[in-house]
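1. below: sequence and its predicted model.
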Amino acid sequence: YEITIVTGVQTCALPIFLCIIIGGFLDKVIFYKFNHNFKVEIRYLKYAIGTTYVFLLISGMYQIKDLLLPFIGQGILISAKFIVENNNNIKNEQCDLYETRKKQLDILKNIIKEEEYENYAIGINGKWGSGKSVLISSLINDCSKNNTYYIYIQPMISDTRQSLIKKFQDGVAKLMRNHGIYSGRNSSLNKYFKEILQLVYFNNKVTLADFIDITSDDSYYKDLKKELQEDISLLLDKGSKKLLVIIDDFDRVDEDKQREILWFIKEVIDFKGCVTIIALDYENLRDNKVVTPIYLEKFIATQIPLVDVEFNEIIEFHAKHILNKELYENEFAKKILLEISNNINNYHNNIIKRINNYYEKEKSQIYKHNDSVNKKMSDLDELINFANKRESCIDNSRRVVHFLKEIKNTIILIDKLYKNRLDGEGLLKSINVSEIIYFFNYIKVFYNDIYQSIIKAKGINEYLSKFNHENTELEKRYFRIILGDIIPDRDRKSVV
């Protein structure tokens, strides 16, 4: 009896072991290759069911009754992992928004719900680094909770009319397949876009606008579009859901492609329940001859300008993720990091205070002596305007992140240099190391021209004292003001 049990275990061991190995492989392949953040459970089920039949066949051939158990357990783990990972993705993306941006995301979601914006576009207008892509990512991750589907299109310079149409067709086809709506050969989707693509392939000189003129009286085309509308309405549960078509980086392609995209939005994807969102920077369209901000009004129903987020809000938000004390071994480096983290806003406020204090002091002196008041006040105002212009360029998310990473890299360098040294604490007491690190990385990232001039001059004193046509006296006066007394005069020669 004991021999029979041992033999049975040995007979089942290899297939069960292989089953676990294959299940683990499917875990990785399915999860990392096919996770697209929507309807992943259905996609998983296709593979799980198919593989189950294979193992069922094997178990029948070899009469191994328990062979399916490890596979089913592995399948449950994969499905659970999908659900957990998707929830984590949504949660993490939402945490990546500043409080100011969260309010604008709520405004955008309310606009999407309104029917008057269907068949027209909603513009998200913001300069480089203002957070358009992050806002869109948060909107995408919010779609699954708000009965909304999306198709994300990022036009490329190499894109053609055919590829633009194909991207939308493939996106709708994927959504339909995942919801049990036929989208293959002879489907309404296939016939509609086949009609459009045939003309485009036939004559590349025909624009989408020309195509609309040609087909405006074509009853066959209208019937195809009506048939596809029925399937899209079925997908969207007859109006209870929305389909977002998100076009990112619109202003980064050439003007001809911009025109194609606009006609594509206006006519080709003119379906009830579809809302198009275009992310762009209106400033980049000012040199356009046709697709100007005024021209866009024909296609964009409303515009959401991304309001500026204050520097203090941006830096506080990112500092807690980037400035991590776990990276450092030396206590000296950890103290520097802690001091910078605790004063991340104070150090910047000190720069602003030095500018304001200088202005008030100089203004008081000018009126006190009552000598050439107009001329001196004009010079002082010029300096303050220069300072304000400089400061207005710092509220850029990407540059702030770059700034914090430069601070981190500087502290890592200090951590390595002082690894086996005991004089770090003495240095920390003799000069304000933390504020110096903050200040010079601030100059390096936000005022790189001044920073490069200091490096070229081989020191602060040399930069401030030497005559150089490349560096105006206005720039040097500004640097003196914001530097203040961070570095004592006796130490400036050693700082490069």
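-> Noted; the coordinates are in hand. Numbers count the residues shown, from 1 in each chain.
2. quick one: residues contacting Pro305.
-> Taking CB atoms under 8 Å, 6 or more residues apart in numbering, we find Pro305 in contact with 125-126. Where C-beta positions appear, they are placed from N, C-alpha and C, glycine not excepted.
3. recalculate using a threshold of 7 Å.
-> Asn125 (CB atoms under 7 Å, 6 or more residues apart in numbering).
4. what does the one 10 residues further on give?
-> Contact partners of Ile315, counting by CB under 7 Å, 6+ apart, are 344-345, 400.
5. against Ile486, how distant is Ala387?
-> To Ile486, Ala387 is 17 Å away according to CB to CB, to the nearest Å.
6. ugh, typo on my part, it should be Ala301
-> Applying CB to CB, the value for Ala301 to Ile486 is 51 Å.
7. more crowded one of the two?
-> Neighbours were counted for Ala301 and for Ile486 using other CB atoms under 10 Å; Ile486 has more, 20 against 17.
8. helix or strand for the more buried one, which one?
-> According to DSSP states H and E, Ile486 maps onto no helix or strand at all.
9. now swap in Thr276 and tell me
-> Counting by DSSP H and E, the element that carries Thr276 is strand 274-280.
10. can you check Val401 too?
-> Element membership of Val401, judged by DSSP H and E, is helix 397-417.
11. now swap in Ile122 and tell me
-> Residue-wise, Ile122 maps onto strand 121-125 under DSSP H and E.
12. which helices and strands does that strand pack with?
-> For strand 121-125, the packing partners by 3 or more CB pairs under 7 Å, 6 or more residues apart in numbering; DSSP states H and E come out as strand 274-280, strand 300-305.
13. as TSV, those with distance to Ile394 and mean pLDDT would be great.
-> Output for the helices and strands packed on strand 121-125, formatted as TSV (distance: least, CB to CB, whole Å; pLDDT from 0 to 100):
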stretch	distance to Ile394	mean pLDDT
strand 274-280	23	89
strand 300-305	19	87
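14. most tightly packed of the ones you listed?
-> Each of these was scored by mean neighbour count; the highest is strand 274-280, a mean of 24, by mean count of other CB atoms under 10 Å.
15. residues in contact with Leu244?
-> Residues counted as contacts of Leu244 (CB under 7 Å, 6+ apart) are 112, 143, 148, 150, 275, 277.
16. ok, 6 Å please
-> Counting by CB atoms under 6 Å, 6 or more residues apart in numbering, Leu244 makes contact with 150, 275.
17. run through the bridge partners of it.
-> Tyr150, Val275 (DSSP bridges).
18. let's have the chain start at 58 instead
-> Noted, 58 is the first residue going forward, which turns the last one into Leu301.
19. quick one: it from Tyr206, how far?
-> Separation of Leu301 from Tyr206 (CB to CB): 7 Å.
20. also Leu440?
-> Distance, Leu440 to Tyr206, using CB to CB: 55 Å.
21. so between the two, which is more surrounded?
-> Tyr206 (24 against 20).
22. so that one versus Lys329, what's the distance?
-> Counting by CB to CB, the gap from Tyr206 to Lys329 is 14 Å.
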